[in-house]
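Participant: Here's my sequence, what's the structure:
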Amino acid sequence: MKRLFQWTTIWSLVAMIGLIGCGGGGGGSSETTGTTGGDTTSSGADVSKVSNLPSVDLSDYDYSTTSSSNIAVAKGAGAGALGSTSSAYCHVRSMANEAIRMSKQVQLDKCFALAMEEGGLYALTAGQATIVKVIMPDSYEEFGGPEGGGGGPGSGGPGPQNVAVVTKGPSGEEGEEEFRSCESETGKLGGNILMKIEPNAAGDQLQISMCEGSEGSESLVNVSTFTKSAADTYTISARHCGEFCGKTDCGDFAVTLSGVQSVASGVVTLGTDGQLSATGQFSGAFGSGRIAYSSIAKSQLNEVSGSFHASFQEQGAEATDFTDAVYSRYGGSTKTGTSKHLFNGAFPAASVAELCGFGDLSGSQNLCYQDFSENLGMTVTAQNASSIKVCPQKNDDGEFLGDQLSQTGLCEESGTDTESFKIGADGETATVIADALSAFSSRVSAFDLSTISGTVGDLSFSASEWNCSGTPDVTVDPTDFASLNAAATKALKAVDTSALQTAIATCQTLEEELRNDQGIGGFNCFELEQAEFHEGEIGVDSELDDEHLAFIPEPCRGSNGAPSLSPEDCKTICDADPTSCFGGENMGMPEACIDAGETPETCPDYCEENPC
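Facilitator: Prediction:
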């Protein structure tokens, strides 16, 4: 699966303004405005300035990361066995990463407005809209920069940016990125970017709207509204919709932050009872879906749910059509969790070349090809590995048995699975653990996935939104530094080159993260299972460290101390003899529950309010 992003024009703008600001081709004084990113706001403060707005980047509220050692799967553990890589958590991360990706798009809108505010290019007045017009150059050679100042293409400056980053998913070469020119994007050069920034009179709401297009024909692409609805509560809503490389990509995102203690330079500090809840829906060239994401500060808990319906066609394959629904709770001091997911439909088959370039297999590709040759009953070499597409083969219980050739370029999968896991340090991978060792197991297992709707509503802009009209209050030509001076003078300020450069660098970093973040487009969960199977086959899988091994009951380990059973088989053993597995009546409860005197029945509720 591939994911395209529509922010290439904005990236060009940011790079150009940064270049001109650094080049100094035109002078201009500088005033220092203090710490870039805004003031510190707390109870009672307004949102009349962009610098007072809170961060909506959901990665700031994700409790999956930890300071523990990097994850390693159990040596010899087959897919789905205790100690193996958790496929269920992979489904969770696909959903969570899509929510994070959507939130970063909202953050990026705010970032552009903030950069100009920090640079002194405009001033806001309560109850009035400020329209900023940016004139895009007709070509990248136009802003070659001052001689010797690090100019345009060929001299270290930014070259043509009208490319889409397409990261290949299960049917491509792992880890490679293709840069494909989008002919439909070249027309945006020479057009305008219009940005309307409007705080209300009460100072409790600020809206940022953005239009793109040729002179007089600009169209709305982004609207973000930030509201301080109570002394410690913010609500943010955003909608993005536009054409990218000839395809329509739209999304709707809403966030509520409650129990906010302070906001400093955009960074939110949640109080003891602080929470974040976010919902999103999206529709694009590769499918559509809905996502819900929440964080609870006190218990360090994340909850993720969503449903994604994929519909696209890979080159050389039949049309892909599948649905993936997920519900999960995870976090706490032990970074454990449980996920329940339903998958039904056809997904792109992986090539042998891709699988043999995955993880620990990448250093033993010849052995990997030999293993595939034995499993498939055919000769597999580096020369033909890219053309051989394979699907995971499982028994009726969902146990992974190996691979089978795909004749259509697609694989079929259907079923529901619940799995508990221990999250690794990177937050992106986890190992399978006994259900009894996750405080969230009983609640997640009982969840009805049919209650998760994947139906997407109307994502078009309403008729009441800005129609991109109005006389600009500020006009900026990135090829002309004098226009920056003129904008600042009109705002009764001076261009703050240092603040502008710092703020732009932050936007560039965020843009790069957004380009590299595939969200749900990076789905490769079945590929993980296949690769892990072959790592075990050729003996390149690594040992499980003590931290993760501690979540595998001793009777469920093999003679060499490594996990050897499925979670279901382990549960059968431990149900018959809990003392040998969990040391008696505690039944494997998290230590936080044991220390608090909780019972297995009350432990889940306790972990709602405390980190377990």
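Participant: per-residue confidence averaged over stretch 604-612?
Facilitator: Average pLDDT, stretch 604-612: 81.
Participant: Least confident secondary structure element in this structure?
Facilitator: Using mean pLDDT, DSSP states H and E, strand 163-167 stands out as the lowest-scoring helix or strand of the chain, at a mean of 28.
Participant: and residue 437, what does it touch?
Facilitator: Going by CB atoms under 8 Å, 6 or more residues apart in numbering, residue 437 touches 336, 420, 422, 551, 588, 590. To be clear about C-beta, it is placed using only N, CA and C from the backbone, and glycine gets the same treatment.
Participant: Among the residues you listed, find me the one that's closest to residue 532.
Facilitator: residue 422 (15.8 Å; CB to CB).
Participant: Can you name the helix or strand that that closest one falls in?
Facilitator: Per DSSP states H and E: residue 422 is located in strand 410-423.
Participant: do the same with residue 324
Facilitator: strand 319-331.
Participant: buried sites along that strand?
Facilitator: Of all the residues in strand 319-331, those buried under the rule 16 or more other CB atoms under 10 Å are 320-331.
Participant: Quick one: list the elements packing against it.
Facilitator: Identification of packing neighbours for strand 319-331 by 3 or more CB pairs under 8 Å, 6 or more residues apart in numbering; DSSP states H and E yields helix 87-118, strand 301-313, strand 336-348, strand 410-423, helix 441-445.
Participant: rewinding a little: would you check which pair of the contacts of residue 437 lies furthest apart?
Facilitator: Greatest spacing in the contacts of residue 437, by CB to CB: 422 and 588 (12.8 Å).
Participant: coming back round to it: between the helices and strands packed on strand 319-331, which gets nearest to residue 255?
Facilitator: Closest to residue 255 of the helices and strands packed on strand 319-331, according to CB to CB: helix 87-118, at 7.0 Å.
Participant: helix, strand or coil for residue 604?
Facilitator: Residue 604 falls in the helix class when you classify it by DSSP: H, G, I helix; E, B strand; the rest coil.
Participant: Excluding chain neighbours, what is closest to it?
Facilitator: Once flanking residues are discounted, residue 604 sits nearest to residue 443: 5.4 Å by CB to CB, 6 or more residues apart in numbering.
Participant: Quick one: closest of the helices and strands packed on strand 319-331 to residue 133.
Facilitator: Distance to residue 133, taken as CB to CB, is lowest for helix 87-118 among the helices and strands packed on strand 319-331, at 11.4 Å.
Participant: The helix or strand that comes right after the closest one pairs with which strands, and in what direction?
Facilitator: Moving toward the C-terminus from helix 87-118, the next helix or strand (DSSP H and E) is strand 130-135. Sheet pairing for strand 130-135, assigned by DSSP bridges, gives strand 192-199 (antiparallel), strand 474-476 (parallel).
Participant: The first one: how far from the chain's middle?
Facilitator: Averaged C-alpha coordinates place strand 192-199 at 26 Å from its chain's average position (CA atoms, centre = their mean, to the nearest Å).
Participant: what's it in contact with?
Facilitator: 9-10, 13, 47-50, 112-113, 116, 122, 124-136, 205-215, 218, 466, 468, 470, 472.
Participant: now the last one
Facilitator: Residues outside strand 474-476 that contact it (CB under 8 Å, 6+ apart): 17, 116, 121-122, 130-135, 483-484, 486-487, 490-491.
Participant: Out of those residues, which end up buried?
Facilitator: Buried by 16+ other CB under 10 Å: 17, 116, 121-122, 130-135, 483-484, 486-487, 491, out of the contacts of strand 474-476.
Participant: Name the nearest of those relative to residue 577.
Facilitator: residue 116 (66.9 Å).
Participant: quick one on the thing from earlier: for the strands paired with strand 130-135, which one sits closest to residue 579?
Facilitator: With distances scored as CB to CB, the stretch of the strands paired with strand 130-135 nearest to residue 579 is strand 192-199 (64.2 Å).
Participant: Give me the angle between that closest one and helix 87-118.
Facilitator: Counting by axes from the mean of the first three to the mean of the last three CA atoms, to 10 degrees, strand 192-199 lies at 90 degrees to helix 87-118.
Participant: any low-confidence regions in the stretch 301-450 of the chain?
Facilitator: Within the stretch 301-450 of the chain, the stretches with pLDDT under 70 are 313-318, 396-398.
Participant: Reformat the contacts of residue 437 as a markdown table; add distance to residue 535 and neighbour count.
Facilitator: Below are the contacts of residue 437 laid out as a markdown table (distance: CB to CB, whole Å; neighbours: other CB atoms under 10 Å):
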| residue | distance to residue 535 | neighbour count |
| --- | --- | --- |
| 336 | 24 | 24 |
| 420 | 22 | 29 |
| 422 | 19 | 28 |
| 551 | 20 | 23 |
| 588 | 28 | 23 |
| 590 | 30 | 23 |
